[in-house]
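J.: sequence plus predicted model, see below.
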Amino acid sequence: MPRFGERRRSRGRRPPTGLRCPAVRAARGAARAADRVRRDRLAEAETWLVRGAILGGESAPLRSAPADRARVDVRWAVLMGMRHRAALVWTDPVRGAAEPTPPNTALAHAEVAYRAALRAAAELAVHGTAADLPAAESARTRQRVRALRRHCIPRLRDELAALELALEESEHEEAVRRRWAATRGGG
């Protein structure tokens, strides 16, 4: 049995850390998939935008853009000390009644495609962050363990050795006193 703070020689599997962690691998895979979706949606949106600009002129996209902005709210939760995404709430921009609508269907398709690209970008950001959180937590834990092994555990071992020595000396002194008392009292 190893002493406190010593590494145990394990024949089994080590717990997953960093990129070997299944949660991190899954989050990185989801981030790659979200990035592919974002690129596809963005390429589609740019194609529709070019078509709309050709049909309505260069200023048509600017004139038909809604004044309101899209909103993204990411809600996080903690499970077993690890933060993870609980919900991603997306709010589309609302076009006011007085605002102009897109002058042609290509710009309407571009608007829808850009909204999808923005959603995919938000998903990508969330998945990327979700992949980075466990890796960062793993690195912090390794750093704490290293600090314990290098500083706290050796200091505590030294203190334990000093206390054990003091206890042994005290027990020895007590034994000497008992023998001395036994020889003085009995003789």
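T.: Perfect, I can see it now.

J.: direction included, what does the lowest-mean-pLDDT helix or strand in the chain pair against?
T.: Least confident helix or strand, the chain: strand 82-91 with a mean of 80, by mean pLDDT, DSSP states H and E. Sheet pairing here is set by DSSP bridges, and for strand 82-91 it gives strand 71-79 (antiparallel).

J.: in what helix or strand does the residue positioned nearest the centre of the chain lie?
T.: Geometric centre of the chain, nearest residue: Leu133, 0.9 Å, by CA atoms, centre = their mean. In the assignment (DSSP states H and E), Leu133 maps to helix 105-147.

J.: and that helix, what other elements does it pack with?
T.: Counting contacts by 3 or more CB pairs under 8 Å, 6 or more residues apart in numbering; DSSP states H and E, helix 105-147 packs against helix 22-56, helix 60-63, strand 71-79, strand 82-91. Glycine gets a C-beta too; all of them are placed from N, C-alpha and C.

J.: what residues does the shortest one touch?
T.: What that stands for is helix 60-63. Outside of helix 60-63, the residues within contact range by CB atoms under 8 Å, 6 or more residues apart in numbering are Leu49, Gly52, Ala53, Pro100, Pro102, Pro103, Asn104, Leu107, Ala110.

J.: let me see the confidence value for the fifth one.
T.: The predicted local distance difference test score for Pro102 is 88.

J.: with mean neighbour count added, can I get the helices and strands packed on helix 105-147 in JSON lines?
T.: Formatted as JSON lines, these follow (neighbours: other CB atoms under 10 Å):
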{"stretch": "helix 22-56", "mean neighbour count": "16"}
{"stretch": "helix 60-63", "mean neighbour count": "16"}
{"stretch": "strand 71-79", "mean neighbour count": "11"}
{"stretch": "strand 82-91", "mean neighbour count": "13"}
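
J.: worst average pLDDT in these?
T.: Of all those, mean pLDDT reaches its minimum on strand 82-91 (a mean of 80).

J.: helix or strand: which one has Gly96?
T.: When elements are defined using DSSP H and E, Gly96 is found to belong to no helix and no strand.

J.: tell me, how many residues neighbour the closest residue to it other than its chain neighbours?
T.: Counting by CB to CB, 6 or more residues apart in numbering, Gly96 lies nearest to Ala67, which is 6.6 Å off, once chain neighbours are set aside. Other residues lying near Ala67 total 10 when counted by other CB atoms under 10 Å.

J.: for Ala67, give me phi and psi.
T.: For Ala67, the backbone dihedrals are phi -70, psi -30 (criterion: degrees, to the nearest 10).

J.: if I look at it, how far off is Glu99?
T.: Applying CB to CB, to the nearest Å, the value for Ala67 to Glu99 is 6 Å.

J.: go on, Leu133?
T.: 39 Å.
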